[in-house]
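Peer 1: Here's a sequence, model it:
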Amino acid sequence: MSSFALRLWRDDDLPLLSRANTPEMTAHLNGPETEELLLDRHARYLRLIETGEARMFVIESDGQPLGSIGHWTTRWREEDALETGWFVLPEAQGQGVAGRALGLLIEDAREHAGGRNHLVAFPQTTNPPSNALCRSAGFRLAGTMTATFRGADLTMNEWVLELEETPSRVG
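Peer 2: Prediction:
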């Protein structure tokens, strides 16, 4: 990958959400979303970027979208924090894309923390690649939790990264 970058989500990025909305890509998220929910999520990304509550990105290599990653404000264990989540399209998986993107995202989160001390991630407990990514990026496993997501229970690991620490090297 000669040119690798994160760029802010734009209005014309809806097709990327659609490409990731397959049973295989959403197996650890209780399945695909309806078209209406995808449209809502796309509009929410744009709105939250505009208000400064989130920074959602397209992962690109040589101008081609490989996936998405972002961070947004959340409440975690009684404090304000940033939460992150990501996906990488099947044809780009297994090539270190997620690790490189998470490394860039951590740098961005540190720059835009707004006084928040933690970046958290909540991959399903049965999602080995995402849990391994959190571990390799320097996140600490803080526990597990179960919450309703897309209409069903989802048991997730709670990973936390201190934002004031020295940046991690990932990927």
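Peer 1: How about stretch 133-141, which residues are buried there?
Peer 2: Buried residues in stretch 133-141, counting neighbours by 16 or more other C-beta atoms under 10 Å, are found at Leu133, Cys134, Ser136, Ala137, Gly138, Phe139. All C-beta atoms are positioned from the backbone trio N, CA, C, and that covers glycine.
Peer 1: and those, which two are the farthest apart?
Peer 2: Spatial extent of the buried residues of stretch 133-141 (C-beta to C-beta) is set by the pair Leu133 and Gly138 at 10.7 Å.
Peer 1: So which of the buried residues of stretch 133-141 sit within helices?
Peer 2: The helices, defined by DSSP state H, take in Leu133, Cys134, Ser136 from the buried residues of stretch 133-141.
Peer 1: Any figure for the gap between the residue lying closest to the first one once chain neighbours are set aside and Asn117?
Peer 2: Spatial nearest neighbour of Leu133, excluding adjacent residues (C-beta to C-beta, 6 or more residues apart in numbering): Ala98 at 5.4 Å. In this structure, Ala98 lies at 24 Å from Asn117, with C-beta to C-beta, to the nearest Å as the measure.
Peer 1: quick one: which of the two has more around it?
Peer 2: The neighbour count for Ala98 versus Asn117, taken as other C-beta atoms under 10 Å, is higher for Ala98 (27 against 15).
Peer 1: if I've got this straight, the more buried one is in a strand?
Peer 2: No: using DSSP: H, G, I helix; E, B strand; the rest coil, the assignment for Ala98 is helix, not a strand.
Peer 1: what's near enough to touch it?
Peer 2: Shown in contact with Ala98 (C-beta atoms under 8 Å, 6 or more residues apart in numbering): Gly67, Ile69, Trp86, Val88, Pro129, Ser130, Leu133, Gly171.
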